[in-house]
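**Q** no letters, just coordinates:
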């Protein structure tokens with residue numbers, strides 16, 4: 001299991017919202033709540049821990065992005081300020097892309 005976590009740690013990345021839109025359009029994005037560790041979720045999905053994943057789904061801690069979220073993220077992208085572009089931690093587990101919002105730093 002630790003080998004899997006190490007492998008996933010290597011592919012953990014960041015992405016701007018614009019880069020994720022094609023994955024949303026193919027219904028492959030899973031939003032991970034900020035109170036979960038993205039790597040823990042990745043390990044659970046990759047190792048087919050159905051009970052734990054179902055628990056997170058039931059608790060609405062992981063889900064497909066809602067229309068409201070997509071609208072907010074598109075609105076942020078249209079603001080025209082690249083430095084304010086919405087950013088996400090990302091983890092690709094074919095065919096899914098797990099994303100977790102990165103909190104904006106107070107400047």
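**A** That came through, no problem. Given the structure is predicted, the values throughout are model-derived calculations rather than measurements.
**Q** alpha carbons only for contacts and neighbour counts from here, please
**A** Will do.
**Q** what segments of this protein are helices?
**A** For the chain, the helices defined by DSSP state H occupy 2-11, 17-25, 38-46, 50-58, 67-77.
**Q** list the helices and strands the longest one packs on?
**A** What that stands for is helix 67-77. helix 17-25 (3 or more C-alpha pairs under 8 Å, 6 or more residues apart in numbering; DSSP states H and E).
**Q** buried residues in the helix it packs on?
**A** Using 16 or more other C-alpha atoms under 10 Å as the test for burial, helix 17-25 gives 17, 20, 24.
**Q** wait, what's in contact with the first one?
**A** In this case it means residue 17. When contacts are counted by C-alpha atoms under 8 Å, 6 or more residues apart in numbering, residue 17 touches 73, 74, 77, 85, 86, 87, 88.
**Q** give me the pLDDT for the second one.
**A** Residue 74 carries a pLDDT score of 86 in this model.
**Q** neighbours of the closest residue in space to residue 40 that isn't next to it in sequence, how many?
**A** Nearest residue to residue 40 in three dimensions, chain neighbours excluded: residue 5, at 8.0 Å (C-alpha to C-alpha, 6 or more residues apart in numbering). By other C-alpha atoms under 10 Å, the residues close to residue 5 number 15.
**Q** surely residue 100 touches residue 32?
**A** Yes. Using C-alpha atoms under 8 Å, residue 100 and residue 32 qualify as a contacting pair, with a distance of 5.1 Å.
**Q** compare neighbour counts for the two and give me the winner.
**A** residue 32 (25 against 22).
**Q** in this structure that one contacts residue 98, no?
**A** Yes. Counting by C-alpha under 8 Å, residue 32 does reach residue 98; the two are 6.7 Å apart.
**Q** now the common contact residues for these two.
**A** What both residue 32 and residue 98 touch, as defined by C-alpha under 8 Å, 6+ apart, is the set residue 38.
**Q** need the overlap of contacts for residue 100 and residue 32.
**A** Jointly contacting residue 100 and residue 32 under the rule C-alpha under 8 Å, 6+ apart are residue 38.
**Q** this completes my enquiry, with thanks.
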